[in-house]
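A.B. asks: Kindly return the folded structure for what I paste below:
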Amino acid sequence: MDELFADVVIVGFGAAGACAALEAADAGAEVIIVERFAGGGASAVSGGVVYAGGGTAQQRDAGVDDSVDAMYAYLRLEAGDVVSERTLRRFCEGSREMITWLEANGVPFEGSLCPYKTSYPSDAHYLYYSGSEAAGGFRDAAKPAPRGHRVKGPGTSGKTLMIRLKEAVRERGIRVLTQTHVRSLVQEDGRVTGLVADSLNDAPARVRARHQRLAQYAAKPGIYVPSLRKSLHRRVERLERAHGRELRITARRGVVLAAGGFIANREMVREHAPKYRGGLALGTSADNGSGIRLGVEAGGATGELGRISAWRFVTPPSAFLGGIIVDAGGRRVIDESRYGAAVGEKLIEEHESKGWLLVDAPIVAEARRDGRKQSQWFQWLQLRYLLRRGRVIGATVEEAARKAGVDPQGLRASVEAYHGAEDPMGKPAEFARRLENPPFSLIDISVRPNLGYPTPMLTLGGLVVDEDTGAVRNAAGEPIAGLYAAGRTAVGICSRSYVSGLSLADCVFSGRRAGINSALAQGVLDKNENVF
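C.D. replies: Predicted coordinates:
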């Protein structure tokens, strides 16, 4: 069995793991990152949006007036008490510095403000309203401001984020062991002192190349075809069993678990959130709960495992905000200007996952006109699907309802209430439209397996950590010596309620926290014992 030594060992090379490694190295620690595949994880296939505010340089460039207090007031409503007020305040107060720190590590941002509300902007814009800040019920409690800072890069720019973070890791001279699968943690006298893994580092080049290729295809296009992902991952596991060589890594100061969530583990999803099984698993096959499992086996407690974010976006195009979302009984579901995860949760938890968007002829015409220029390519394809195969049309509201299988009287009552002086759901007047010009369309936005209009989902819960240090806590609330967690392996800022950018922002926040605290922890070996 091969053996290596380091001050800090990090499991997982997504955004959380990279940020942990950078902070630990800058604090003077020798760092090893252990990564099952090539690195990037769910962060690389994400939209690359970082939630930040309080007056960032990008907000100032766009002429946006924001404050720490306004950001805190909004997130307090979204996040609830999933973290303490002190931790949330610290997150908000450090928000501007977080963006500056990422920029110093090569991650580019830009203050080009998106002038319309959308779920994700086109390549013309990199700052936008990425949550429910401007929706009813929020704007009165907290001054709204666009806080979605999208990494400047083409398409879904999570890949740009990870390219730059990987470059920063390489520049620090941090060792990265790719194609290395962690099997278990090592504990001595209650302290985590390292880990045991199977590595392909000594496998033939053809084996490593095949492993990398299979993992890449399992991530994309496998993300869209679960059966393909499952088949490819089985082949990956066979290569690991046949060619993996056991490796032990001793951590003098600490191990950081940053291995992602568990959306790819269908058994865990069925156990903790059985209603959330009809979506697109947003992540890679490594998001199988392995980091959480390692922490639990070491005595760690878990929290919020039943919280899954399910995105049911109706924008772009922004014109669709003028419609109303109803259930099979024709009843309104939610203020349509709310963030897509709030829409998805309402549909799943309260309306049997069934929903339709009612729009009239002018809204459809506007959607056709603006849809392409407001969309990324995949959003445009989804809009085409919705307007062609996903809708029914009627000369009257009642006719459209009958064709869709929606209660006509219930839908008519919802339309009349919507046309009243104030929207019953609290949708701001700037988004409301009168639905009175036929033909009327009911667009099916139900949550179910659907490649033409998928519902992306990711898990939000994980290991319970000390909010000051990132150390994993046991069932008694005591920190486990030598063990830390970050990102979606841990409970964090976004673990109760998610808006775009909040998970990546929490990965940066919690990753940096775990990295620096593990680096400064008192170790179990003397520096001179290094044989690495």
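A.B. asks: quick one: secondary structure of Pro428?
C.D. replies: Three-state assignment for Pro428 (DSSP: H, G, I helix; E, B strand; the rest coil): coil.
A.B. asks: quick one, phi/psi of the closest residue to it other than its chain neighbours?
C.D. replies: Among residues not flanking Pro428 along the chain, Gly136 sits closest, at 5.5 Å (C-beta to C-beta, 6 or more residues apart in numbering). C-beta: built from backbone N, CA, C; applies to glycine. Gly136 adopts backbone torsions of phi -60, psi 140, taken as degrees, to the nearest 10.
A.B. asks: Could you report the distance from Gly136 to Glu297?
C.D. replies: The gap separating Gly136 from Glu297 is 45 Å, by C-beta to C-beta, to the nearest Å.
A.B. asks: More neighbours: these two, which one.
C.D. replies: Using other C-beta atoms under 10 Å, the more surrounded residue of Gly136 and Glu297 is Gly136, with 19 against 11.
A.B. asks: Please, where are all the strands along the stretch 101-250 of the chain?
C.D. replies: Counting by DSSP state E, counting those that start in this stretch, one finds strands in the stretch 101-250 of the chain at the ranges 127-128, 148-150, 175-177, 180-188, 191-199, 245-257.
A.B. asks: Go through the ones you listed and pick out the most buried.
C.D. replies: strand 148-150 (a mean of 29; mean count of other C-beta atoms under 10 Å).
A.B. asks: distance between that strand and the chain's centre?
C.D. replies: Averaging C-alpha positions (C-alpha atoms, centre = their mean, to the nearest Å) puts strand 148-150 13 Å from its chain's average.
A.B. asks: Okay, now the sheet partners of it, with direction.
C.D. replies: With DSSP bridges as the test, strand 148-150 is paired with strand 49-51 (antiparallel), strand 127-128 (antiparallel).
A.B. asks: for the following helix or strand past the longest one, which positions count as buried?
C.D. replies: What it means is strand 49-51. Next along the chain after strand 49-51, taking DSSP states H and E as the criterion, comes helix 57-61. Across helix 57-61, burial judged by 16 or more other C-beta atoms under 10 Å covers 58-59.
A.B. asks: To Arg391, which of the strands of the stretch 101-250 of the chain lies closest?
C.D. replies: Closest approach to Arg391 among the strands of the stretch 101-250 of the chain is made by strand 127-128 (26.5 Å; C-beta to C-beta).
A.B. asks: Centre of the chain to that closest one, how far?
C.D. replies: The answer for strand 127-128 is 17 Å, by C-alpha atoms, centre = their mean.
A.B. asks: Over to stretch 210-223?
C.D. replies: Worked out by C-alpha atoms, centre = their mean, stretch 210-223 lies 20 Å from the chain centre.
A.B. asks: what sits up against that stretch?
C.D. replies: 36-38, 44-45, 179, 200, 203, 228-229, 232-233, 235-236, 239-240, 280-285 (C-beta atoms under 8 Å, 6 or more residues apart in numbering).
A.B. asks: Using neighbour counts, trim the residues you listed to the buried set.
C.D. replies: Judged by 16+ other C-beta under 10 Å, buried ones among the contacts of stretch 210-223: 36-38, 44-45, 179, 200, 203, 229, 232-233, 235-236, 239-240, 280-285.
A.B. asks: Which of those fall in helices?
C.D. replies: 44, 229, 232-233, 235-236, 239-240 (DSSP state H).
A.B. asks: export these to a markdown table and tack on distance to Arg172 and pLDDT?
C.D. replies: Output for these, formatted as a markdown table (distance: C-beta to C-beta, whole Å; pLDDT from 0 to 100):
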| residue | distance to Arg172 | pLDDT |
| --- | --- | --- |
| Ala44 | 19 | 94 |
| Arg229 | 33 | 87 |
| Leu232 | 32 | 90 |
| His233 | 31 | 90 |
| Arg235 | 34 | 94 |
| Val236 | 29 | 93 |
| Leu239 | 30 | 95 |
| Glu240 | 28 | 94 |
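A.B. asks: What is the neighbour count of Ile10?
C.D. replies: 33.
A.B. asks: mind listing what's buried in the helix or strand in which it is found?
C.D. replies: Assigned by DSSP H and E, Ile10 falls within strand 2-11. Residues 4-11 are the ones in strand 2-11 that count as buried (16+ other C-beta under 10 Å).
A.B. asks: what about the stretch 151-300 of the chain, any weak spots by pLDDT?
C.D. replies: Applying pLDDT under 70 to the stretch 151-300 of the chain flags no residue at all.
A.B. asks: The stretch 401-532 of the chain now?
C.D. replies: Looking at the stretch 401-532 of the chain by pLDDT under 70, you get 523-532.
A.B. asks: Which stretches in it count as strands?
C.D. replies: So, for the stretch 401-532 of the chain - with DSSP E, counting those that start in this stretch - the strands run 440-444, 456-459, 462-463, 471-473, 479-485.
A.B. asks: Can you spell out which helices and strands pack onto the third one?
C.D. replies: For strand 462-463, the packing partners by 3 or more C-beta pairs under 8 Å, 6 or more residues apart in numbering; DSSP states H and E come out as helix 290-297, strand 302-303.
A.B. asks: likewise the first one?
C.D. replies: Identification of packing neighbours for strand 440-444 by 3+ C-beta pairs under 8 Å, 6+ apart yields strand 356-359, helix 377-388, strand 391-394, helix 397-404.
A.B. asks: In CSV, could you pull the C-alpha coordinates for the last one?
C.D. replies: Right, the one you point to is helix 397-404. Taking Å, rounded to 0.1, in the frame of the first residue of the first chain, the C-alpha atoms of helix 397-404 are listed here in CSV:
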residue,chain,number,x,y,z
VAL,A,397,-60.4,30.3,-21.3
GLU,A,398,-62.9,27.5,-20.7
GLU,A,399,-62.1,25.8,-24.0
ALA,A,400,-58.4,25.8,-23.3
ALA,A,401,-59.1,24.4,-19.8
ARG,A,402,-61.2,21.5,-21.2
LYS,A,403,-58.5,20.6,-23.7
ALA,A,404,-55.8,20.6,-21.0
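A.B. asks: mind listing what's buried in it?
C.D. replies: So, applying 16+ other C-beta under 10 Å, buried residues of helix 397-404: 397-402, 404.
A.B. asks: Which strands or helices does it pack on?
C.D. replies: Secondary elements touching helix 397-404 (3+ C-beta pairs under 8 Å, 6+ apart): strand 356-359, strand 391-394, helix 408-418, strand 440-444.
A.B. asks: and for stretch 83-103, what are the contacting residues?
C.D. replies: 50, 52-58, 68, 71-72, 75-76, 79, 109, 149, 467, 491-493, 505-506, 508-509, 512.
A.B. asks: which parts of stretch 437-448 are buried?
C.D. replies: Buried residues in stretch 437-448 (16+ other C-beta under 10 Å): 440-447.
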